[in-house]
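Undergrad: Please find the sequence and the predicted model below.
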Amino acid sequence: MHHCSTRVAAGLGLALLTFATAASAAPGGSKMGKSDLTVFSTTPASPPPTTLSPADAKRLIIDGTPGDWKFVTSATGGLTSGKRLKLASDYSGHCLTYKSQDAGINLGHVGDCSGTTGGDNFSFDKGVGDTAGGAIKFGDVVGIAVSTNNGRKYVCYGQRDNGINLNWGANDAECKARNGSKGNGAIQWKLMPVAGSSKKVGDPVDLTDRVSLHNIVIDKPVVKCARIYKVTLPPTWYAGDLKWRDDCMHHELIWTHKDLLRSLGEDPKALALSFVPAQYRAILEKVF
């Protein structure tokens with residue numbers, strides 16, 4: 001499949017606005033696609049808002065820029081090792097949680113963040129089982145621990161036939177045993193500043209910061225992005241809506257946030273079909 005390369009210059013120095021949508025990502029398999037991002041701030045001295053305004057989110061979606069993540073917590077201050085909180089999509093506000101899937105890792109999103117498995121279900125640990133509360137800085141390599149139906153597990157890279165190449169590991173040994181792990185244990189994620197942020201590597205991560213979740217095994221960040229179809233007609237649907245950022249195709253990003261776009265006066269089907277390669281239009285017509 002051909003990819004659509006886009007470049008966007010988006011001013012992020014707008015007033016903080018909050019929003020929530022009932023968007024649901026329709027799962028499916030997909031080919032590869034890439035997007036090229038250049039973002040600048042109209043007010044470089046100030047960090048971008050923790051929550052994107054609807055107008056900024058709409059612009060980034062239409063420009064084909066996959067989003068990042070934010071923390072959902074009533075706590076204030078800096079992010080510390082073992083601190084439990086919720087993790088939400090930067091665009092939609094949907095929270096990531098343990099969720100049974102037909103294929104792929106059992107992770108999905110819920111629109112009501114109070115419905116996450118295990119309550120405050122995420123933590124970022126500087127070592128396996130580390131709850132000592134050490135400060136986490138941008139660029140630190142940490143483990144992502146998630147509450148599951150079988151206790152807390154780490155999310156680690158591992159090749160699989162369907163869905164994003166992620167698996168569960170209770171410890172370093174289980175993560176190292178995953179196919180494609182390159183010998184990496186559970187501590188394999190870097191929290192990185194988002195494009196346009198005033199934050200830089202080495203700065204403490206604040207609970208109000210937006211972050212990019214970067215896996216060191218394959219040197220890619222993960223984003224919320226629908227897996228719309230396997231290339232068959234009628235389309236084959238797979239569960240899961242997580243992809244590596246440079247694999248998230250433009251029409252899949254639009255589908256992921258279709259309800260938000262509708263609420264802002266856009267036609268997601270028309271937008272998606274304007275970007276999808278011609279040979280897949282018939283499939284997308286059925287999907288949408």
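TA: Yes, it's here.
Undergrad: This structure: strands as residue ranges?
TA: 69-72, 86-89, 95-98, 107-110, 122-125, 141-148, 151-157, 166-169, 189-193, 210-215, 220-224, 242-244 (DSSP state E).
Undergrad: can you put those strands in CSV and add mean neighbour count, mean pLDDT and distance to Val287?
TA: Where C-beta positions appear, they are placed from N, C-alpha and C, glycine not excepted. What follows is the strands of the chain, written out as CSV (neighbours: other CB atoms under 10 Å; pLDDT from 0 to 100; distance: least, CB to CB, whole Å):
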stretch, mean neighbour count, mean pLDDT, distance to Val287
strand 69-72, 21, 96, 26
strand 86-89, 22, 96, 21
strand 95-98, 23, 97, 23
strand 107-110, 21, 93, 19
strand 122-125, 24, 98, 31
strand 141-148, 21, 98, 29
strand 151-157, 22, 97, 28
strand 166-169, 23, 97, 24
strand 189-193, 21, 97, 31
strand 210-215, 21, 97, 27
strand 220-224, 23, 96, 18
strand 242-244, 23, 95, 16
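Undergrad: Format those strands as TSV; extra columns: distance to Lys176.
TA: Below are the strands of the chain laid out as TSV (distance: least, CB to CB, whole Å):
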stretch	distance to Lys176
strand 69-72	25
strand 86-89	24
strand 95-98	22
strand 107-110	21
strand 122-125	16
strand 141-148	13
strand 151-157	9
strand 166-169	8
strand 189-193	15
strand 210-215	15
strand 220-224	19
strand 242-244	21
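Undergrad: For Gln279, which of these is the nearest?
TA: Closest to Gln279 of the strands of the chain, according to CB to CB: strand 242-244, at 20.6 Å.
Undergrad: Need the contact partners of the closest one.
TA: With contacts defined as CB atoms under 8 Å, 6 or more residues apart in numbering, strand 242-244 is touched by 30, 66, 105, 107, 163-164, 166, 218, 220-225, 227, 252.
Undergrad: Spatially, which two of those are the most separated?
TA: Ile218 and Glu252 (19.1 Å).
Undergrad: separation between the closest residue to Gly185 other than its chain neighbours and Ser100?
TA: Residue nearest to Gly185 in three dimensions, not counting chain neighbours: Asp172, with 3.2 Å by CB to CB, 6 or more residues apart in numbering. Per CB to CB, to the nearest Å, Asp172 is found 26 Å from Ser100.
Undergrad: cool, and Thr148?
TA: Counting by CB to CB, the gap from Thr148 to Ser100 is 10 Å.
Undergrad: Okay then, goodbye and thanks.
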